[in-house]
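1. Sequence below, structure please.
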Amino acid sequence: MASTGNTLLTKGIPKLADAFVVIVKTEWNAHLVDRLEEGCIKVLNEAGATHTTLSVPGAVELPFAVQRHQKISSQKADAYITLGTVIQGGTPHFEYVCQMVSQGVTQLNLQLPVPVIFGVLTLNNEQEAIDRTGGVHGHKGEEAAITALKMIALNQSLQ
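-> Residues are numbered from 1 along each chain as shown. This next block holds a predicted model:
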């Protein structure tokens, strides 16, 4: 999902009317994350999938919310999409946050029976986020939803 020109991603998007996707997004940088969410919802609606959104304060909290939802919710998700933006600052905090959230999502993908999509943008500046939410680098929210739909279809085919 990181490069432009991934023309294969948008081919063969499955229609999954029975799919339920949970979007877990951060409140931090809401003006940017909301754009990611809008792209996700657009694609999920076009595919006929149902969805809900959970909000957490920041990116580090994303894996916790996914894990708890999967464990205690009566409506089991077919996939989770994590959304956030982590923007480089002047301290090492950026590296710690990026490492924690990426490792958390990786662990969830290995532990849960459903895919967890990494839709967290790790950026040098706000312009890069704008470029990736409908700008020159496409729409990473839409791409995260396409990835979720394809992974749901794969997961269903393996069962």
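2. how about low-confidence regions in this protein?
-> Segments of the chain classed as low confidence (criterion: pLDDT under 70) are 1-8.
3. hmm, try it at 50
-> Applying pLDDT under 50 to the predicted model, the residue ranges of the chain that meet it are 1-2.
4. Spit out the contact partners of V105.
-> When contacts are counted by C-beta atoms under 8 Å, 6 or more residues apart in numbering, V105 touches L62, P63, V66, T82, V116, F118, V120. In short, each C-beta sits where N, CA and C put it, glycine included.
5. Strands of the protein, residue ranges please.
-> 20-26, 50-56, 79-87, 116-123, 133-135, 138-139 (DSSP state E).
6. I'd like to know which of those strands is closest to L32.
-> strand 79-87 (4.7 Å; C-beta to C-beta).
7. orientation of that closest one relative to strand 20-26 in degrees?
-> 20 degrees (axes from the mean of the first three to the mean of the last three C-alpha atoms, to 10 degrees).
8. which stretches of the chain form helices?
-> 30-47, 62-72, 93-111, 126-131, 140-158 (DSSP state H).
9. Okay, buried residues for the last one please.
-> So that's helix 140-158. By neighbour count, with 16 or more other C-beta atoms under 10 Å as the criterion, the buried positions of helix 140-158 are 140-153.
10. Report the inter-axis angle for it versus helix 30-47.
-> Computed with the same axes, to 10 degrees, the direction of helix 140-158 lies at 40 degrees from that of helix 30-47.
11. what angle separates helix 140-158 from strand 50-56?
-> Here helix 140-158 runs at 120 degrees with respect to strand 50-56, directions being taken by the same axes, to 10 degrees.
12. So which other helices or strands are in contact with helix 140-158?
-> strand 20-26, helix 30-47, strand 79-87, strand 116-123 (3 or more C-beta pairs under 8 Å, 6 or more residues apart in numbering; DSSP states H and E).
13. May I have stretch 67-79 exported as PDB, CA atoms only?
-> Written as PDB, here are the backbone C-alpha positions of stretch 67-79 (Å, rounded to 0.1, in the frame of the first residue of the first chain):
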ATOM      1  CA  GLN A  67      -7.900  -7.100  21.000                       C
ATOM      2  CA  ARG A  68     -10.700  -6.200  23.500                       C
ATOM      3  CA  HIS A  69     -13.400  -5.900  20.800                       C
ATOM      4  CA  GLN A  70     -12.500  -9.300  19.400                       C
ATOM      5  CA  LYS A  71     -12.500 -10.800  22.900                       C
ATOM      6  CA  ILE A  72     -15.700  -9.300  24.400                       C
ATOM      7  CA  SER A  73     -17.900  -8.100  21.600                       C
ATOM      8  CA  SER A  74     -21.000 -10.200  20.700                       C
ATOM      9  CA  GLN A  75     -20.700  -9.200  17.100                       C
ATOM     10  CA  LYS A  76     -17.500 -10.700  15.800                       C
ATOM     11  CA  ALA A  77     -15.600  -8.800  13.200                       C
ATOM     12  CA  ASP A  78     -14.500 -10.400   9.900                       C
ATOM     13  CA  ALA A  79     -11.600  -7.800   9.800                       C
END
